[in-house]
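Peer 1: below: sequence and its predicted model.
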Amino acid sequence: MLVLVKSAPDTTDGKRGIKLARDMAADLVFLQNGVYFAQNDMLEGFCGTAYVLEEDCRLRGLGGGDLERDIKRLAYEDLIDLMSNNEGVVGMF
């Protein structure tokens, strides 16, 4: 399962997306303002794989040093492949 999160960390929707991913043991993809979740120490306790769209990070001024080390970076084309190869996609929070 894959959960797409586009809302910022200070929103109810963003927090709901993270909780859903934790409860379902799903992987996360952060896009739009959701990329702020990929900052250091924002995903404490999350055990799945987390991805972030590089272009959305760049547009918001987030560089590699601002992000968790374990976050995998994706281009939009990679996101399409990830979604089509996944058994289920839930979003957008």
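Peer 2: Noted; the coordinates are in hand.
Peer 1: now the helices for the protein?
Peer 2: 12-24, 54-59, 76-84 (DSSP state H).
Peer 1: want to throw those into JSON lines with mean neighbour count and distance to residue 45?
Peer 2: For the C-beta atoms, the positions are set from N, CA and C on the backbone; glycine is no exception. Putting the helices of the chain into JSON lines (neighbours: other C-beta atoms under 10 Å; distance: least, C-beta to C-beta, whole Å) gives the following:
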{"stretch": "helix 12-24", "mean neighbour count": "17", "distance to residue 45": "8"}
{"stretch": "helix 54-59", "mean neighbour count": "16", "distance to residue 45": "22"}
{"stretch": "helix 76-84", "mean neighbour count": "12", "distance to residue 45": "23"}
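Peer 1: in a markdown table: those, plus mean pLDDT and distance to residue 2.
Peer 2: Converted to a markdown table, the helices of the chain look like this (pLDDT from 0 to 100; distance: least, C-beta to C-beta, whole Å):
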| stretch | mean pLDDT | distance to residue 2 |
| --- | --- | --- |
| helix 12-24 | 92 | 9 |
| helix 54-59 | 94 | 16 |
| helix 76-84 | 94 | 6 |
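Peer 1: out of those, which comes closest to residue 66?
Peer 2: helix 54-59 (7.9 Å; C-beta to C-beta).
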